[in-house]
Structures are given as C-alpha cells and as structure tokens.
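> Below are the sequence and a predicted model for it; my questions follow.
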Amino acid sequence: MKSYVLPEFWVDRDDYRCIRCGVCVNQCSYDTHYYDPEDDVVRAREERCTGCQRCAVFCPTNALTIRTHPYEYRPNANWRKENIRDLNRQADTGGVVLTGMGNDKPLRIYWDHLVLNASQVTNPSIDPLREPMELDTFLGAKPDQVDVTCGRVQGSLPPQIHLSTPIMFSAMSYGAVSYQAQLSMMRAAGEYGTLANTGEGGWRRELRVYGASTIVQVASGRFGVDRSYLNEAAMVEIKIGQGAKPGIGGHLPGEKVTPPVAETRMIPVGTDALSPAPQHDIYSIEDLSMLIYALKEATHYEKPVAVKISAVHNAAAIASGIVRAGADVVVLDGIRGGTGAAPKIIRDNVGIPIELALAAVDQRLREEGIRSRASVVVAGGFRNSGDVIKAIALGADAVYIGTPALVAIGCTVCQKCYTGKCPWGITAADPRLGKRINPDIATQRLVNLLRGWSFEIKEMLGGMGINAIESLRGNRLHLRGVGLAEWELEVLGVKGAGR
Amino acid sequence: MAFYDYLIVGNSVAAVGAVEAIREVDRSGSLAIVGEEPHPAYSRPAISYLLTGEKTPEQLAYRDPDFYRRMAVELLAPRRAAAVDPARRRVTLEDGACLDYGKLLLATGGRRVTPPIAGADRPGVFGFISIADVAALKEHIERHQARRAVVVGGGLIGLQAAEALLRIGLTVTVVELMDRLLALNLDRRASATVEELFRSHGVELFLGAAAKEFRPRPGEERVGAVALAGGEELPCDLVVLAAGVAPRAELAREAGIRVVKGIAVDQHLATSAPDVYAAGDVAEAYDFLEERARPIPIWPNAYHEGRTAGLNMAGRERSYRGETAMNALHFFGTPAISVGQYDPPQEGYEVRELAGEGFYRRLVFKGEVLVGLVCVGDAVDRCGVATGCIRDRIPLSEEFKEKLLADFRFLSLPEEWRRRRIRGEA
Amino acid sequence: MKRVYAREEVCMACTLCEVHCLVQHSRSRDLVKAFKRERPRPLKRLRVEERGPLSFAFQCRHCPEPDCVYACVTGALTKGEDGVVLVQEDKCIGCWTCIMACPYGSIERDLAQGVASKCDLCPGEEIPACVKNCPNDALVFAEEGELAWLSTTT
C-alpha cells in the first residue's frame, strides 16, 4: 500500500564539501544515505531520516544539514502536520502509533514559571569556591526522634542511602538501553557517589560490581528478580507506574529477547516479555504493603524500599497510602517522563505535570505529619540544574534524570528509541550499534554532567545564602511564581513574584 | 696479516643481514667483508632495471652510501677468497693476503648453472645475475645493434631478462625445458597466466624444448642461433642463459666443511667447522614446511639466515626460525606470489581456488593447516596474512578456510589469532 | 616503542581514521582537496575491517624484527632508530615481496606510483592522525606495556 506519509526531515548535502567518504552512509542505522557508484554521489532516502543528526555530527567536512522538511499542507490551526502525519501512519498500519522519549506537547512547564531568590544586603550570599557547601542527601525513612546519648545515636536508624548530589539516573532497563549505556550510567553513578536504576529488565551479572550505586527495580513482570538481585543492590524500587505511560504495561517482542536479554530477564529466548499493566498481586495499599515488607524481609531490613508511581490526579492520596504502607521512598514520575517505547496517545495525554504532583504530595504528607517517614524523589522532564533546585525547594529530596543523561551521551531526542536502531547506540538492541558508546567516554560525560549541575546548584544555593541543600528542601519561600494563575500558585504553594 | 673479530666472505644480502645483526649486539668488534664485486651490496633481483636504464648501479645499492662506515665494516673489495683454514682460523685471499678471524661467515651465494649445451661459452651468451652480467649484455647489444634475443630458461631470472630485453626493443624468444614457465615458482594455472602475458607482448615461447647448441654467426665466434633438440633453429644476436643457480660451496668443501648441496648448517647457522657459519644461497637452511634442510635461493631467506648467523656469531644465541620457499614476481605489471607447498607433493592435500577477471588465488591445505598459496593479480593484496597462517600453522576450520580464500584479512582468522595479530604478537 | 592499538569493542567502523589518514598523507592536508582534487588520490595507510558487529582499524605494527624490512629486495624498507618502519619510495620497485612477507597484511600497493604504501606513524605529529581523529577512542597510541587497561572496558 502506498504510504501517504511525507518525510519529516530534509537532507541538505553540500556537494562541494561532500568527499564521498561514506561516513554518513555507515553511521545511519536507518539506511538514509547511500552511495551511488555510477554517478559517484551520495544520496539520501529522506523518508527514513529521523533527524537524529548522527551523520551531521560525524561528517568530517560538515557537508550535511538535516532540517525539518519544508513541505506544507494548507495552514490549519486544528489539523497540524503532526495530526495528519500520525493519522496517515495509522491508516497505513492500523496499529497504535508508537513513540519514544517524553511528552513533546507544549504543556505548561512550571519550572519556567518559577524563579529563585537570592541574598541582597540583609543576608550574605556564600561563595561555594571559598566556603563548604553540602549537597549530601540521605534517602530513607527518618525517625520521629533520635536519642543521642553521650554524643552517640542510640538504637538503629532505618536504612539510609547517602548521595553526594541529589541527582540520580532514572530507571532504564537493559533492552531498552544498550548494555554500554547502562554500564556507563552505573559507573558514573558510582564515581560521583549517586545511584543508577536498572529498570525492570534485570541486572546483568557483569554490572553487579556497581551494586553500591545501583537501584534495582521490581516491576509487574518481575524480570530477573531473585534474592541476589535484591541483596546486591543499594536500594529496591517497586515500580507501579511510569510517567510516560501511566496505567499501561510494556511488551518487549520475542525477537528482541536475545540470549543475553533472556538470561538477564530470566525468561526463555525468543519469548515475548510482557510487563502487565498492573502488578497482579497489588489491588490495594494493603497488598502493596505486603510486597514492601516481603522485599524488606528478603533484604533483611537493610535496604530502603521505594515505590514509584506515575503522577496522576490523586497522586497525593496515593503517596500517603504508599508511605503508610511502609515505603522508605516515594517516587513520582511526571507527564514529561521519558520512555523507550509508548503509545504516543498515552504519552501525550495521560498524567499530570511533575511540579504540581510534587507540590501536592509534599503538602499532603506534611499535613498528615508523615513527610519524614519517607523521602520523595521526583522524575520526568528535568532539563537543567535550575529545574532540580526548584524541585528541591518544592519539597523533593532528590530527582531522577533520564533524558539529560542520555543527551549527555549523544541522544538528540529524536524519539525513535522504540525502533531499537538508535544510531547513537543508546537504545540500540543491535550490538553493532551498542559499540558506538565507549563506556569510558560516556562515563566521563555523565560524571561531567553531574559535576556541572552540582556546581551550579551550589552557586544558586550560595546566592540564596544557604550552605546545605538540606536547608532548601521544601523551603518554598525561596520560590516565586511568574505568569501563573491563582490556582496554580495555590497548588504549588508559592507566592506570585513581587509578593 | 690482519685479524678481524668477524669476517664475512661475500657481500650481498646475507652479509648485510649478518652485519646488521652483529652490530645490534656488538658495536665495537672488528668486522670485515670480502667481496669479489667492486660494488657495495646491491639489489640483485632488481638488475633488470639496469638493462632498461630505469636505475643506475648506484641506485641499485641495497643500503645507504654510508652503510659500511656506519656499521664500522672494512669492505675488502674487489677481492676474492681462495681458501679457508678452519684450524688456523684463517682465510687466504687470491692476492695472497691472510685474514685471521674470530668468527667467519661464508655467504658466497650461488652461481649460474651452465647446462651441457654446446657453445655455452660462446661470446654473446650471457648470465643475468650480476651488475657485470648486465653491463656486458648491454655493451653487446649496443656494439652489435642486437635485435633478437633468445632466453634459455623460463624461470624467474630468465623471464626478468626477457621482459627487460623486450622493453628495450628486442625481439625475444624464450626456451624452457619444462612444459611451462616458472615451473619452480608457480602452479600450472598461474604459469599459464604468465605465458599468456608473454605471448600477448609478442614473446615467442618454446616450452618443453631443450637448447642443444649455441651456433655461431657465419664467420664469427659470437652466437648467431640457438639450435633446439627438436630441430628448430632460432636465429639470434644474443643468448641469456638462465638455467638456474647452485650453491657456491667450493671454499667450504675444500676446507673440509660438510657440504651436501649447499653448506650444511645447524639451527644457529653454524657449519661443521668451529666458529664458521654459513648463510644465504650457499647454505642449506631449515625449511619449516618440508621439515628438512635445503638450499632455498631467495632473497628474504638469505637475509634471515645472515641475521641469525650474525646474532649467534656476536654471542646472542638465536635459533633459526626456519623459512620456506616463496616468490614475489611481477611481469608486465601483473604481480604473482607463491608461498610454500602450492603444488602438493602427494595425496592428502586439499586445494581451494578462487578466480576472476585478473584475479587468481589458490590455497593448499594439509588438514587444518595452510601450507601453500598462489596469488595472481589483485589477489596478492595482503597475502602476507596467509603467509603468516602458513608460518604459524594456524588451525583453520572449514569456515575460516573459506573466509581466507575470499579475503586475506584478520577477520578471516580465528578469534584468538586475530587478537594476537592486533596486539602485534607475531 | 609506541604503536597504534585497536579496541574492537568500541570501534564502530565509521572509517574516520581512514579519512584522516588519507588527508594526513595528502599534499594539501585539506579534506576536500585531498579527496576531490589531488591526483593520484592519496592513499590511506590503515584499513578498517568489519563483519557484523565486529570491527577494528589496523595498520603496521612496526615490528621489532620486521619481516618486510628483512624481505625487501632493494632496501627500500627500513626500520629507523626510532623503530618506525618506512618505505623509501624512490628505492621501491613495486616487487611486493614485502606484501608476501608481512603477516599483518599492513602494506598496500600504491598502484599509481608502483610502490609500497604503509603506515609511517605520521612523522612530525605527536599523535598519529588516525588516533587523534577516532571519535570513540577505539584507537590508542601506547607502549606495549600500557596495554593492560585496554581490556577493562567490557
């Protein structure tokens, strides 16, 4: 059937600069470029181009410009290119339109409507280059009171995880990301003193040396979960939902269940790996509590247990239940959270922005007097250190970053993760592509990301006259809203700027 | 009378290999070379370029002009050794000089074999293995305005001469005893390619033909025709006689040193006489494929032998790793390479071939191991990878045999060997 | 001596090493001119081999005891004091004995000039062009003794 879908991108090749070296040809995993020996020219099949810019970055003579395809339909505020395109794709296949990465719709990004405070005259700002500045963060339930006798804490505290910066790498499973990508995140987390999350796809044996900086996930498919999986990690996370696809499960087709994937997931080679939409043993907070305590038993009460949910309408009430069920950490994943594969219609329409969910959950837990019983971690759409520090001020203990980590190692957010052919080797299933990530280089880039953001956070803290991130946590007086409606300010718990 | 810690008789590639090896170990020991030719060591396989005028004798030098000074070598040339006395550690030269040595290397090379052909000593009959041969040939051509040449011997040297003669405008006929050219260098199919090349360039070939007599020109002493055993008579102005070379082992034989075809040597290239070594075309070094000692008169082997001898002479014990027969030829711009047992001597070998336009490749396996190869045309590219397989006896499964046949590259080697090669562990 | 070593686990066969090697050995040292103007076209001195997920770049090992140098019939191939094996093009007669001898297959035929062509480790450059331009550190310029870390990546 003739497809009516027009190419999304336009390959502009400067023929004077093109030396026919073939690098674009070999770097494009979608076979966009090809060499025509008869005419001695490199051509493009534009309909294949995903706009990932791999070729443009690697072209040694900068001969390539990949731009949005200039085709135009009759202008229509309702029927935009994207609507027509998705509809055509669907008419071609009759299937669900898939996508990757996070929601790209112009939903309000509240971070861009929140501004930070700084010290002027009446209280001094602090220079982080001259004075100590702490970003140390501890995840885990905090006791209501601590008995200190003769300078020593009496009794034992619930298990705590120390982070040297309040930034962790979010759950990205082996299979969704390449082995090299996962290895790099775990290594970088270990080097910088933070954590990386395995996702739900199991945990490769070779990666267990990074256990002290690894969070393992227990999701509805329970892939790769056994006693050692739980005990060799620093923390265990029960995944109920994911910001990019609240309420639905996952499906890794059998052809992607290669021997290493099968071994890691503990399923037969070639079988479909189904993650059910719900956890079939959890239909209530009480059921959740049973799983939390089962995991605590299995890990001898030595590891914090986290529960991750999608940020949905009644997130606050659910979070309250999670804390009461015994979780040490509550994780909220907002509507802009990324994914390796999700139905586009779900990604773009289900869930609520993380800023509002965080404010509501923090507020609710405080009101109920149980905020200290669990840490709150938020995920979904963090783009820079400003977003992170605002989240801390809104009440988060730490954040998960996914997309920024991937961008640091090459991702250009082309949203084609679900094809398994990521030309950057990040979400690639093909070992030929996975090699494109040199874990040494990628680890360095990730450590650089953490270092850069951490330093910026220290600068901003110093500007506010604060010398420890702990002092900012939930301190919404350091935030003001700009351009927000009254109800939004109320949910966020911040004053409008000027007030 | 002079004394040298190291004395080398012969001044070609084996001598140079020995000098370079000795100087790696011993920078100060006294070292002399007795050479019968007036030139510094030169590239014998390239002498045909002298004939075509593409190179001068100076340009043929095997090492830089400073080589002998740099290596602190006293070059005694042109002088010729007359006798060796191992008991007194003395070499007597034809001019009567006596040279005493600590260690002696006999690297006297090979000499042209003269078959029993009547008139082989007639003027106008030339060898083709030295600068002097070429100079004499050239002079003859110019003096007599020679137009027609007959080359007797369709081996490597004869064909090099034939191509060079053709390129300077002579009409050339080649007479070969065997039924094909290069019978000692290539397999039958590759020989056919070379025959076709020569024929297409206008060279007449008489294969399976024996020269019976070199007949004079009427009223002159110099050669005027080659009579074949079959009755044909080939009129000509000159003959190049290239019927092979044989070790020049007389010095050793007369000194009571053990000689078979060439001088017998052990794994250190030492002869039966104490402190006397032999290397190059005169020696019978170990052939690792044939698993026996035999003279293999080829340039690279001579260097290896000279080098091994030199190291041992200088006191660094080194066993000869063994070489085998190999040839890199090129005629009319088409290269051909053969290594090892490319023509299986008996049953029990497996031959695989791949041929295309201007491309021929033949691999011979014994069990899992590659033992021989022939490549013609573009098939020669990277063929050392296969030579390495032969040398290292790399076991090749069916899969890798096919891969190797298709492409000489590391991906055609088993993983362990690929890794070793990449790391440079030859 | 320092050599170029390949790390096949991170080589992605982009062939940028070949591109930059060619340019380094061109007269203009300009990407566009080297590829499009210079005739005969300059040659690259290393090769990328690729099959399926496996790939690596490879060039001369500059062997301690180089078979090519020992086999060379004209003395065109030399191993210098610095250990670098070089071709003296005016002495090379294109007999390809070196190609027959090199177990690494690291010498190529320069058909335009009829001489052997091989890696010269980019004289005058601190780091060879292939290593400097490898986007994924799949080539390293190292002493043999520094190689242990090469295998630690995966």
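Nice, thanks for sending it over.

> Am I right that B:Gly424 sits in a strand?
No. Following the definition DSSP: H, G, I helix; E, B strand; the rest coil, B:Gly424 is coil and is not counted among the residues of a strand.

> for it, what are its contacts?
Contacts here follow C-beta atoms under 8 Å, 6 or more residues apart in numbering or on different chains; on that basis B:Gly424 touches C:3, C:5, C:61, C:63, C:104, C:144. No exception for glycine: its C-beta is placed from N, CA and C like everyone else's.

> Between these, which sits nearest chain A?
Sorting those by distance to chain A puts C:Tyr5 at the head of the list, at 14.4 Å, by C-beta to the nearest C-beta.

> any idea which element that closest one lies in?
For C:Tyr5, the element it lies in under DSSP states H and E is strand C:2-6.

> Relative to the whole chain's centre, how far out is the helix or strand just after that strand?
Per DSSP H and E, strand C:2-6 leads on to helix C:16-24 as the next helix or strand towards the C-terminus. The gap between where helix C:16-24 is centred and where its chain is centred comes out at 10 Å by C-alpha atoms, centre = their mean, to the nearest Å.

> Please apply the same query to stretch A:449-468.
Remark: stretch A:449-468 is offset 21 Å from the chain centroid, using C-alpha atoms, centre = their mean.

> Kindly report the same for stretch A:398-417.
Stretch A:398-417 has its average C-alpha position 7 Å from the chain's average C-alpha position, going by C-alpha atoms, centre = their mean.

> Say whether chain C is contacted by that stretch.
No. Judged by C-beta under 8 Å from any C-beta of the partner chain, stretch A:398-417 stays clear of chain C, getting no closer than 10.4 Å.

> What's the separation between C:Leu46 and chain A?
14 Å (C-beta to the nearest C-beta, to the nearest Å).

> and if you look at B:Leu184?
Between B:Leu184 and chain A the computed distance is 42 Å (C-beta to the nearest C-beta).

> Show me where chain C has its strands.
Listed from the start of the chain, chain C has strands (DSSP state E) covering C:2-6, C:47-51, C:54-58, C:77-79, C:85-87, C:108-110, C:115-117, C:139-143.

> can I get those strands in JSON lines with mean pLDDT and mean neighbour count?
Written out in JSON lines, the entries for the strands of chain C read as follows (pLDDT from 0 to 100; neighbours: other C-beta atoms under 10 Å in any protein chain shown):
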{"stretch": "strand C:2-6", "mean pLDDT": "92", "mean neighbour count": "23"}
{"stretch": "strand C:47-51", "mean pLDDT": "94", "mean neighbour count": "19"}
{"stretch": "strand C:54-58", "mean pLDDT": "93", "mean neighbour count": "23"}
{"stretch": "strand C:77-79", "mean pLDDT": "97", "mean neighbour count": "20"}
{"stretch": "strand C:85-87", "mean pLDDT": "97", "mean neighbour count": "21"}
{"stretch": "strand C:108-110", "mean pLDDT": "96", "mean neighbour count": "18"}
{"stretch": "strand C:115-117", "mean pLDDT": "97", "mean neighbour count": "21"}
{"stretch": "strand C:139-143", "mean pLDDT": "92", "mean neighbour count": "17"}
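
> residue contacts, B:Gly208?
Counting by C-beta under 8 Å, 6+ apart, B:Gly208 has contacts B:176-179.

> again with C:Glu146
Listed by C-beta under 8 Å, 6+ apart, the contact set of C:Glu146 is empty.

> Show residues contacting stretch A:118-137.
Under the criterion C-beta under 8 Å, 6+ apart, residues A:162-166, A:397-398, A:454-455, A:457-459, A:461-470 lie in contact with stretch A:118-137.

> Counting neighbours, what do you get for B:Arg215?
Residue crowding around B:Arg215 was assessed by other C-beta atoms under 10 Å in any protein chain shown; the count is 18.

> Could you name the specific helix or strand carrying it?
Using DSSP H and E, B:Arg215 sits in strand B:211-216.

> likewise A:Ala294?
Secondary structure here is read from DSSP H and E; on that basis A:Ala294 sits in helix A:285-298.

> try A:Ile441
In the assignment (DSSP H and E), A:Ile441 maps to helix A:439-463.

> which helices and strands sit right next to that helix?
The elements that helix A:439-463 packs onto, with contact taken as 3 or more C-beta pairs under 8 Å, 6 or more residues apart in numbering or on different chains; DSSP states H and E, are strand A:167-169, helix A:179-192, helix A:385-394, helix A:403-408, helix A:469-472.
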